[in-house]
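Asker: Below is the structure, and that's it, no one-letter string:
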């Protein structure tokens, strides 16, 4: 892997680094690493409570069936089995899973009367170990009446299609058409309209650690303690409490270290409900961890599954005028998160381009598959794929070089902040600079020469190009603004930290977010270090459970560094100001004449007169009479940082408002070789230039980008949920559901440009999803480029060997 | 993903193992490297009542060459075979195919015989054995028999092995000068089971024409299969470009590939043709060369 220079800056972005910063922008060693690398972090699976039982789930073998009867007697008779619960029995202990949708699509953690996707829980078991729990599952006898499976989302839309939910009039749970700008006018005046019918299949996040929880019910005070890898313990703890039938003030949720999430473990209501029902049934703590089969089949967080009919209208000179997107999205059997993925996509559907109008026509369709949720990309991923494919097609059709057509349409640096047709605002950017640097970094001329040389040998080398947005820092309005009458029109996405300086001057930070695979400890330590001039290694960081009142939407939507920077800086400044007042009082000076430098509080211009953090800490802790009259004892501050810039949608939904305005940008150039006979696509090299504003920590950002690109390689070439005609999941394990391994990943060269955000502290933007938001379409572009002599057009991912061979044969090439 | 309860037996010598297999018959499975069986047990796709672990059985780990035959005992690791100078010199196809099996840590546990006995129709080593005209040495309490590779594989994950029997070794005739071999495959990822793979042995006759040819395919049927029409097309030909193309075109004749999420039956037929062409070109080149450079 390449080594990234310590914050490379270029003349093109005007070197935004503030010379006086000491810690922001440095590759400070990741504080989280030692415990993670040594296996000493505490995950859910490490939580051992006295008398704890282990849960397991019996999943449905059918995609769609009525449950005729369930006989649990043989399972209950197995020694070590403490409880066997059917859906009806579980429903007496816990409530249905909370949902964001307005439509009546009830969902319980364990199915009642009917199963709607393969793997849906039919019964759950608690036993003294997981082996016995699985023995018990195998001993449960279920009689099913198999119903027709609805697999094809377009067929599911038919009026006479088998209904997934009788509570709905149709399998189309939601449909809406929104026009922004003069769509018809732009189509009418277009010189060229390029079209594609694109297919983006469902994938899953596949974190190394699956979702899980340990729940412990106390029947005496009706309280419950839950350890989990959910992210929403300090955001929606009341929703979990409601589901578990516990009063909110008797519910304690304790975050555990998380073995990766990629955004897939925000809500994980199912595992909490299963553990919760079993602890209530047994009176003992119960661990339920999905195993890999459970996770793939029933994780409730698979990605988008969309069919696009898209068109891009252009003027004769290549100016992009308007974009229309007609989308059928296969949501699976439930609708827990409503159409939040399309709210998300609405942040950047027109990409980095000055496209004047947009038609967004979305149908959310229910089928007999595990439901969609969120993970890395969160709905914007297929949008980038389709838009960049259309731009490449326009380049080809109109005979304008693909870099040139992008340059002509980029939003220019002086046009920021830029309001996009649907209403979201982009804060800042310099897209042409990123493109130019990427072309330079990749050595594009050398690759073109290599391509020519290889073509003479009958080999097919391709050079990809994609220039994409990465919206970062979401506001909750994305969940609901597609509704006219949303059930929960929330507008908060807060992040809080608590900082205290103790009597010896030690600084402790308590964060509301979990350790979710991100680097909250490192980031807050860098910010504290920056504000106090101390070493980040000296800052202690702990994680707040749900009883502390911490407000935290946590990692998600590439927001964490933005939000933690704001919260930490706010709390640090509150404390620093108080320390300045106390020091000034002690030194008999005006507070305006005291400054904090290198962890000491000293007289401006007379550094010899100073107090240490410990001096002030002790004074604040124990010497009330020696502090200013209106100061309370102690040095504690909580700062809640709310979304830095959001505006509500208009009532007529002609303007969705600013809800995702910190917008990073990247240009990726992958180099592939395609074997036209076998369909194998091999990545030879990969170049990425990224602009996520001020880079907080180059090593951490590189990790995010490289990891995202690897996931994007999976999306481009391998990852796909496949179903048989009977609705059976044909990819139930990692033998069928493939992700890239180290062998499939080339050297990835990453560089950063920095266009600071005017909206955030220090100018940071998010960087958590960009790799995956750009790589799939970039690799598609590379395959197209490789096969250009054959006239191939990629409009479906992943590009499996069979699909590539079919494309080649369809184009009349190959053997 | 936890196995059902089972009894674990760890015999110290072959007689003890054969006694145990005789006693438990079809309820018993032999455990060697465990790289396939344990996975199946965890998924409860196999729930043997008894597992007979042969790793401690003396003498099964021998890799020997006698009288033109290379013999690999039941606990010879795939990695051992792959790195063996004897195998490289005398059965290079086995080494070449073996290098495609999973990843080195898996091959350090997995055994060559285990892969053959498991009889995955997509696996590389059974296919190599078939192309090499190998034999499977089978023992039970009632004695020893030798089964030709052509007769050993009877279907997906099934063999002509009877309850109470175990494979104690596989044998292949050494590859002599004038014979070239090659193994090629298409796998979705490095180390995955191939979507389709081809093992070929081609012998040059004294007249310069192609003599005996064996072509075996994996991922192309319910068991490792011979591409006999392609063999016939190549045998007696000049081994040139046209002959190879003709043989490759006939490689999919009679195939009934199993379709799965990695490839349809048609795609596997297509790959059988493409890969047969590639394997034959390489094998013919090697047959003409000094040695079977792998």
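Answerer: The structure has been received and is ready for your questions. Since this is a predicted model, take the numbers as computed values, not measurements.

Asker: where's residue A:671 relative to residue A:54, distance?
Answerer: Per CB to CB, to the nearest Å, residue A:671 is found 48 Å from residue A:54. The way it works is simple: take the backbone N, C-alpha and C, and place the C-beta from them, glycine included.

Asker: so who does residue A:605 touch?
Answerer: Residues near residue A:605 by CB atoms under 8 Å, 6 or more residues apart in numbering or on different chains: residue A:593.

Asker: check whether the longest helix along chain B contacts chain A.
Answerer: Across chain B, the longest stretch assigned as helix under DSSP state H is helix B:265-288. Yes - for helix B:265-288, a contact with chain A is found by CB under 8 Å from any CB of the partner chain, at B:267, B:270-271, B:273-275.

Asker: In CSV: the residues you listed, plus neighbour count, distance to residue A:489 and pLDDT.
Answerer: Shown next, in CSV, are the residues of helix B:265-288 next to chain A (neighbours: other CB atoms under 10 Å in any protein chain shown; distance: CB to CB, whole Å; pLDDT from 0 to 100):
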residue, neighbour count, distance to residue A:489, pLDDT
B:267, 23, 50, 98
B:270, 24, 54, 98
B:271, 31, 54, 98
B:273, 24, 60, 98
B:274, 25, 57, 98
B:275, 30, 59, 98
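
Asker: and of these, the nearest to residue A:132?
Answerer: Nearest to residue A:132 among the residues of helix B:265-288 next to chain A is residue B:267, at 43.2 Å by CB to CB.

Asker: check which helix or strand covers residue B:186.
Answerer: Using DSSP states H and E, residue B:186 sits in strand B:179-187.

Asker: Return the list of helices and strands in contact with that strand.
Answerer: For strand B:179-187, the packing partners by 3 or more CB pairs under 8 Å, 6 or more residues apart in numbering or on different chains; DSSP states H and E come out as helix B:92-98, helix B:124-131, strand B:194-204, helix B:265-288.

Asker: residues near residue 48, how many?
Answerer: The chain I'm using is chain A. 9 (other CB atoms under 10 Å in any protein chain shown).

Asker: my bad, the chain I had in mind was chain B
Answerer: That count, for residue B:48 with other CB under 10 Å as the rule, works out to 20.

Asker: so it touches residue B:5, yeah?
Answerer: No - proximity of residue B:48 to residue B:5 does not meet the contact threshold set by CB atoms under 8 Å, at 10.6 Å.

Asker: hmm, back to that, what lines up beside the strand holding residue B:186 in the sheet?
Answerer: Paired strands of strand B:179-187, with direction, are strand B:194-204 (antiparallel) (DSSP bridges).

Asker: Could you quantify the relative orientation of the partner strand and helix B:124-131 as an angle?
Answerer: 30 degrees (axes from the mean of the first three to the mean of the last three CA atoms, to 10 degrees).

Asker: Tell me the buried residues in the next helix or strand after strand B:194-204?
Answerer: As assigned by DSSP H and E, the chain's next helix or strand after strand B:194-204 is strand B:210-218. Across strand B:210-218, burial judged by 16 or more other CB atoms under 10 Å in any protein chain shown covers B:210-211, B:213-218.

Asker: pLDDT and distance to residue A:489 for the residues you listed - can I get that in a markdown table?
Answerer: What follows is those, written out as a markdown table (pLDDT from 0 to 100; distance: CB to CB, whole Å):
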| residue | pLDDT | distance to residue A:489 |
| --- | --- | --- |
| B:210 | 97 | 77 |
| B:211 | 95 | 80 |
| B:213 | 97 | 73 |
| B:214 | 98 | 71 |
| B:215 | 98 | 67 |
| B:216 | 98 | 65 |
| B:217 | 98 | 61 |
| B:218 | 98 | 58 |
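
Asker: Next, whichever residue of the stretch 1-150 of chain A sits closest to chain B: secondary structure please.
Answerer: In the stretch 1-150 of chain A, the residue that lies nearest chain B is residue A:131 (4.4 Å; CB to the nearest CB). Recorded secondary structure, residue A:131: helix (DSSP: H, G, I helix; E, B strand; the rest coil).

Asker: Verify the contact between it and residue B:6 for me.
Answerer: No - using CB under 8 Å, residue A:131 is not in contact with residue B:6; the gap is 11.0 Å.

Asker: For the helix or strand hosting residue A:344, enumerate the helices and strands it packs against.
Answerer: Secondary structure from DSSP H and E places residue A:344 in helix A:340-345. In terms of contacts (3+ CB pairs under 8 Å, 6+ apart), helix A:340-345 is packed against strand A:320-332, strand A:357-366.

Asker: how far out from the middle of the chain is it?
Answerer: 12 Å (CA atoms, centre = their mean, to the nearest Å).

Asker: same check, this time on stretch B:40-54
Answerer: That offset, for stretch B:40-54, works out to 22 Å (CA atoms, centre = their mean).

Asker: So what pairs up with residue B:170 in the strands?
Answerer: residue B:72, residue B:136.

Asker: Can you get me a residue count around the closest residue to residue B:282 other than its chain neighbours?
Answerer: In this structure, residue B:282 finds its nearest non-sequential neighbour in residue B:182, 3.8 Å apart by CB to CB, 6 or more residues apart in numbering or on different chains. For residue B:182, the neighbour count with other CB under 10 Å is 27.
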